[in-house]
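Visitor: sequence first, predicted coordinates after that:
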Amino acid sequence: MPAMPRFNFRTLLGLLKIIGVLLFVWILARVDCTALLSVLRHANLPMIAAAFAVVMLSYLTKAARWHLLVRLCGANPTFRQSWALLNVGVFLALITPAKLGELGRAAYLRGRGMHTGTALALSITDRLADAAVITCVAIWAVATLFGGMWALVGLAAVGVAGLVTWALSGKLAAVQWLKFLKMLRTPAMMASVVLWTVVSWALYFVWTILIARSISIDLPALLLVATLTIAGIVALLPIAPSGLGTRDAALLTLLLPFGLASGQIVAFSLLIFLMILLSGIPGFFYWIRGTA
């Protein structure tokens, strides 16, 4: 008998990504595609170009934060190397569920002599900085869209998680290959990391609002920030490539009650998806050239 094919975790993740694609196809089948194409044809191209410039600027701020963290570990990369490695992480995140590919940066640092545990901890810390800031925004978004009760529950959970993380980081800092956590816990360093993270997220929201405005979505900016925050979290579910399908479904659910046409909402989500793909091109070239 022929050998049965091996079914491993990677295969499972690949199959899960098909769910998002099927969801997107299902959504397209129920949307007025003529209206969708009309929205895309009449998009404001200079505004879309400006949006792309903003998203690349947001990556620049993320590279600055990454550069800061790597230097805490005793490495001495140039900013160009940190920029290249950040973009490699962006590209790898595009092709893996829930952006797990960003941890691929740890492999590059390990290849340059950094302890494996330090490299992984550094990548996780970088992700946690984003998670901490966007969680705070998400609590406000939940209060805005669904009411204060759910926001209070989320705030309590975040408070407990924050205290546990802070206490745990203090204990882990005693480990030799995690000693960078001790320097990270200083007020000046924490302020720098938070500042770069807040700026990068502010630029993210400017980017998405510019895309919305380019196709005449004129809802209040704060309302868009709230819906985009929730949709962005949903898009992290490991069932779609770069949130395809999941982001569309979330935005349709959140924005249809505000009077937008389904074709306009799907066009908005599709433009976000396409620009995310375009923003991964520099990382693709750094990756195949091995120049990070």
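Guide: Right, received. Where do you want to start? Residues are numbered from 1 along each chain as shown.
Visitor: low-confidence ranges in the stretch 151-292 of the chain?
Guide: Counting by pLDDT under 70, the ranges of the stretch 151-292 of the chain that qualify are 151, 154-155, 158, 176-177, 238-239, 291-292.
Visitor: what ranges do the helices span in the stretch 101-250 of the chain?
Guide: Assigned by DSSP state H, counting those that start in this stretch, the helices in the stretch 101-250 of the chain fall at 104-111, 116-146, 148-172, 180-184, 187-214, 221-234, 246-255.
Visitor: those helices: which one's closest to Ala93?
Guide: Closest approach to Ala93 among the helices of the stretch 101-250 of the chain (Cβ to Cβ): helix 104-111, 8.5 Å. C-betas here are computed from N, CA, C, even on glycine.
Visitor: average pLDDT for the closest one, rounded please.
Guide: Taken as a whole, helix 104-111 has an average pLDDT of 82.
Visitor: repeat that for stretch 133-147.
Guide: Stretch 133-147 comes out at a mean pLDDT of 86.
Visitor: ranking the helices of the stretch 101-250 of the chain by burial, who's on top?
Guide: Greatest average neighbour count among the helices of the stretch 101-250 of the chain goes to helix 246-255 (a mean of 22), per mean count of other Cβ atoms under 10 Å.
Visitor: for the helix or strand just after that one, name the packing helices and strands.
Guide: Remark: after helix 246-255, the chain's next helix or strand is helix 262-279, criterion DSSP states H and E. Under the contact definition 3 or more Cβ pairs under 8 Å, 6 or more residues apart in numbering; DSSP states H and E, helix 262-279 sits against helix 33-41, helix 45-72, helix 79-94, helix 187-214, helix 246-255.
Visitor: quick one: the fourth one to chain centroid distance?
Guide: Taking Cα atoms, centre = their mean, to the nearest Å, one finds helix 187-214 lying 12 Å from the centre of the chain it belongs to.
Visitor: what of stretch 205-221?
Guide: Computed by Cα atoms, centre = their mean, the separation of stretch 205-221 from the middle of its chain amounts to 18 Å.
Visitor: likewise stretch 20-28?
Guide: Distance, stretch centre to chain centre, for stretch 20-28: 21 Å (Cα atoms, centre = their mean).
Visitor: pull the CA atoms of it into PDB?
Guide: Extracted C-alpha coordinates of stretch 20-28, given in PDB (Å, rounded to 0.1, in the frame of the first residue of the first chain):
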ATOM      1  CA  GLY A  20     -10.500  33.000   4.500                       C
ATOM      2  CA  VAL A  21     -10.200  32.700   0.700                       C
ATOM      3  CA  LEU A  22     -13.500  30.800   0.600                       C
ATOM      4  CA  LEU A  23     -15.100  33.400   2.800                       C
ATOM      5  CA  PHE A  24     -13.900  36.200   0.500                       C
ATOM      6  CA  VAL A  25     -15.300  34.300  -2.500                       C
ATOM      7  CA  TRP A  26     -18.600  33.900  -0.700                       C
ATOM      8  CA  ILE A  27     -18.700  37.600   0.100                       C
ATOM      9  CA  LEU A  28     -17.900  38.500  -3.600                       C
END
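Visitor: if we can go back for a sec, so which of the helices of the stretch 101-250 of the chain gets nearest Thr34?
Guide: Nearest to Thr34 among the helices of the stretch 101-250 of the chain is helix 246-255 (17.6 Å), distances taken as Cβ to Cβ.
Visitor: counting by contacts, list what that closest one packs against.
Guide: helix 9-29, helix 221-234, helix 262-279.
Visitor: how about CSV for the ones you listed, with distance to Ile95 added?
Guide: Shown next, in CSV, are the helices and strands packed on helix 246-255 (distance: least, Cβ to Cβ, whole Å):
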stretch, distance to Ile95
helix 9-29, 9
helix 221-234, 18
helix 262-279, 10
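Visitor: so which of those helices is nearest Thr253?
Guide: Here helix 221-234 is closest among the helices and strands packed on helix 246-255 (Cβ to Cβ), at 8.7 Å.
Visitor: contact partners of that closest one?
Guide: Contact with helix 221-234 is made by 134, 137-138, 140-142, 144-145, 205, 208-209, 212, 217, 243, 246-247, 249-251, 254-255, 258, 269, as judged by Cβ atoms under 8 Å, 6 or more residues apart in numbering.
Visitor: now stretch 18-37
Guide: Contacts for stretch 18-37 (Cβ under 8 Å, 6+ apart): 237, 239-241, 243-246, 248-249, 252, 261-264, 266-267, 270.
Visitor: tell me the mean pLDDT for that stretch?
Guide: The average pLDDT for stretch 18-37 rounds to 85.
Visitor: can you give me the end-to-end distance of that stretch?
Guide: One end of stretch 18-37 sits 24 Å from the other (Cα to Cα, to the nearest Å).
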